[in-house]
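# this is a predicted model, with the sequence first.
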Amino acid sequence: MGQQRETATFGMWIFLITEIMFFGGMFAAYLIYRLSYYQAWVDGSQRMDITLGAINTAVLIFSSLTMAMAVHSAQTGKRNLIIIFLILTLVLGTTFLGIKAVEYHDHWKNHEVPGQYFSGLDAEGHDKGWHDVAHTSLYFALYFAMTGMHATHMIIGAGLLIWLIIATYKGKFTENYFSPVENVGLYWHFVDIVWIYLFPLLYLISKKHSG
Amino acid sequence: MATVVTNQTVEKENYLNAGYGLKSWLLTSDHKRIAILYLISITVFFAIGGFFAMLIRLELLTPAGDLVQSDTYNKLFTMHGVVMVFFFLIPSIPATLGNFLVPLMVGAKDLAFPKINLLSWYLYVIGGITALVAMFVGGVDTGWTFYTPFSTTYSNTNVIPVAIGVFIAGFSSIFTGLNIIVTVHRMRAPGMTWGRLPLFIWSHYAASLIMVLGTPVIAITLVLAALERAFNIGIFNPQLGGDPVLFQHLFWFYSHPAVYIMILPSMAVISEIITCFSRKRVFGYEFVALSSIGIAVLGFLVWAHHMFVAGISVYAALVFSLLSYLVAIPSAVKVFNWTATMFKGSISFQTPMLYAFGFIGLFTIGGLTGLFLANLGVDVHVHDTYFVIAHFHYIMVGGALMGYLGGLHFWWPKMTGRMYPEAWAKLSALLVFVGFNLTFFPQFVLGYMGMPRRYHAYPPEFQVLNVLSTAGASVLAVGYLFPFFYLLWSLKYGAIAPNNPWNAVGLEWMTSSPPPTHNFEATPVVTWEAYDYENQPQEEVPVVR
Amino acid sequence: MAHEEHSASGEHIVSPKLYVGIFLFLMVMTALTVYAASVELHAWNPVVALVIATMKATTVILFFMHVKYSTRMTQIVILGALFFLFLLLGLTLTDYLSRAWMSYPSH
């Protein structure tokens, strides 16, 4: 069984490196535009809600803990604990997505979705003080692309968690066979790591102006 | 267990007759059946790509753009490129010969993840159909390179559906590569050390590294381009602050290594064929193996040589030019080593060997002209001309496709249990070689003389060479049609193949033709070096008790 | 070591205590990075943020993803992927960073 487990885990790691390169393309775009249009990046990130971002970071890290505990429970053959920790992970992941939805709505209200209605005026018509509206649109384009892709991966992760919960309930896993739990765990932690980088890169670019 | 085999009596149980009916094929997890499924679908796409090529060459018979309108011509060369690159060349050898042979060559029962293998085929088909429908209902005219802002803002064609099709097929490629990597690491039979692996495996392993590391980047690039096109987010649009050159960087980061995905598996085939038909172990095994890895790694360092005149910094261009010269070295090492393998070998000229000879000559020409293009000064002159087209067709068609055909013939007996008709096959190989050179050599001259690519109207002084090229294409087409017919014919009427018709060395030859579903009667134990043609082991494979 | 335990199949099991410890470390680092963003450090702001993020990511990889207890192969795979990621970022940057060096005649 050890050979099969290691093989499955190895396969998941290879898949994760494809994910690293997948997100990597967007990080490359982010890096290049940030170097070229730093002021626009500062202006854009000032519009992020650091509190919500920090809470979300904490939520995701907590969910990584519960996921690791789910794997631990699988290693020690404790079926009920696996289910509890998987459900906790799912709840935390959903919380993350909920907070993200609130943020997205906020940005949409304030004309920060790139495209036709993008503007330097907020929901009440006040000037947001942007130096370079066009390139700030680029910032938001990457913000939505990167966090959107991240959220998509979380939704897929949520689906995987539901599948795992059902499978655990049906008694599929023992302390000698729990590869899917472990490998979904790897996927989940990876998605957490992407957020660990997205948070400072998108939310914490420069000292916040007051107000 | 073994029964006397004739055309009429009971066949030994093998993967082909182990279960009948559509479901047994469409829901199979047998890597050999999946390879056949791929073989069929890839042939379909090759025919479609060839169809577009035929229309292009017909248009180019005359200087005036008189067969089709300019917009239609743009669609023709785009669709020819998209189909040939993404739906033929990238999957061709790895998904057919690779899928079939990798488990056999390492002594395993199947690939590491058989169900993912099947999934990869379905993704390929779904992606292919998506792209095809978009191509036939409206078309796409951006060039297979999808350069922005034309593809994202100005083109009025089905860019997004085709991009989606390519995206989905990309996952197919990733899963194939993932499967091969894990299989080679974890499923080798006892005694099959890395140093005893056939070079076919080394090259496929290297190609798989590229599939896994590079494909995701074009995936995200297509996503960003689609978002740009759908929502005008400005990321590649200079009017909104974006940079079209960034698209090119991201696009070519994959698409250059992609050409090594296309050529490495072909080189894999050549290593096997040359050793067998020279009855000699390969010269410098370690060098050839490491060169495969070298090509894969160096291949990721050179992409901006496609962008020398796109507006990148000249200093960056210098760096990429130098790196592009370096990447030629491992390829050259391989060509030298294959040649040295043949030296003092006992050479026979069966069809697979003919294709191998063709490969070596044509790939060398293609590769050397690549060096011309890597030179900044020369590239300024010949970029976007027929010189480039000739260069990559020498590599892709003269190289990759010849390897594919050679491999198909070499392992046809193993895959189908039948021999193909040798005389027809030799004739076809000759037609392919002659037709190919007649088609593409004039294009070097045309490009150097200044004929731009992607134009359907050209100055009259270029006509003679274009007519020669089209004539060559007709011969080439016949050369490709013949195998289609005689290989199919051989399925019913071909001579029954023995286990090892070529007396080749390799685990795949030590099981029946075609192999049983589980590949080997018992797990083989390997005690010999690769290409051990001096001391060929007996028919009986030592087994694990 | 107190936190090392082996399962029925002999593979290494990390103790829940260690997991909670790692979790607390990650929370502290998160708070630290938010705080550091409110301090004006000029060019060092992004550096500090990325260093902290990398420390967090490394911890998740080593402990939550068990890489500290995994095979050499796993570690090579991760390092290899990071190499190619930096290739993508770095080599693309050589273009953008050196464009400014190209001087054109002014008129």
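Happy to help now that I have it. In this text, all values refer to a predicted model and were calculated from it rather than measured experimentally.

# when you work out contacts or count neighbours from here on, use the C-alpha atoms and nothing else.
OK.

# near chain C at all, the helix or strand harbouring B:Tyr260?
Here B:Tyr260 sits within helix B:244-278, counting by DSSP states H and E. Yes: judged by Cα under 8 Å from any Cα of the partner chain, helix B:244-278 comes into contact with chain C through B:249, B:253.

# do the same with stretch A:45-55
Yes: residues of stretch A:45-55 contacting chain C under Cα under 8 Å from any Cα: A:50, A:54.

# and A:Tyr143, how far is that from chain C?
17 Å (Cα to the nearest Cα, to the nearest Å).

# nope, B:Ile40 is what I meant
Distance of B:Ile40 to chain C, computed by Cα to the nearest Cα: 34 Å.

# contact partners for residue 49?
Picked chain A for this. Counting by Cα atoms under 8 Å, 6 or more residues apart in numbering or on different chains, A:Asp49 makes contact with A:103, A:203.

# hmm, no, I was thinking of chain B.
When contacts are counted by Cα under 8 Å, 6+ apart, B:Gly49 touches B:79-81, B:83-84.

# swap in 6 Å and give it another go.
Contacts for B:Gly49 (Cα atoms under 6 Å, 6 or more residues apart in numbering or on different chains) come out as B:80, B:83-84.

# in chain B, which residue sits closest to chain C?
Across chain B, no residue is closer to chain C than B:Ser313, which sits at 4.6 Å (Cα to the nearest Cα).

# just give the nearest non-adjacent residue to that residue, would you?
Once flanking residues are discounted, B:Ser313 sits nearest to C:Arg99: 4.6 Å by Cα to Cα, 6 or more residues apart in numbering or on different chains.

# let's verify that neighbour: helix, strand, or coil?
Following DSSP: H, G, I helix; E, B strand; the rest coil, C:Arg99 is assigned to helix.

# what comes up buried for whatever helix or strand A:Leu35 lives in?
Using DSSP H and E, A:Leu35 sits within helix A:2-36. Neighbour-count burial for helix A:2-36 flags A:5-34 (criterion: 16 or more other Cα atoms under 10 Å in any protein chain shown).

# gap between that helix and the chain center?
Relative to the centre of its chain, helix A:2-36 is centred 14 Å away, using Cα atoms, centre = their mean, to the nearest Å.

# that helix and chain C in contact?
Yes: Helix A:2-36 comes into contact with chain C (Cα under 6 Å from any Cα of the partner chain), by way of A:17, A:28.

# okay, now B:Ser70: neighbour count?
When neighbours are counted by other Cα atoms under 10 Å in any protein chain shown, B:Ser70 registers 16.

# show the pLDDT at it.
pLDDT recorded at B:Ser70 is 94.

# so what's it up against?
Residues counted as contacts of B:Ser70 (Cα under 6 Å, 6+ apart): none.

# next: the one 10 residues further on.
By Cα under 6 Å, 6+ apart, the residues touching B:His80 are B:49, B:52.

# can you name the residue of the stretch 401-545 of chain B nearest chain A?
B:Thr523 (16.2 Å).

# for that residue, phi and psi?
phi -60, psi 120 (degrees, to the nearest 10).

# that older thread, among the contacts of B:Gly49, name the ones in strands.
Members of these lying in strands (criterion: DSSP state E): none.

# out of these, which is nearest to A:Met146?
Nearest to A:Met146, judged by Cα to Cα, of the contacts of B:Gly49 is B:Val83 at 29.8 Å.
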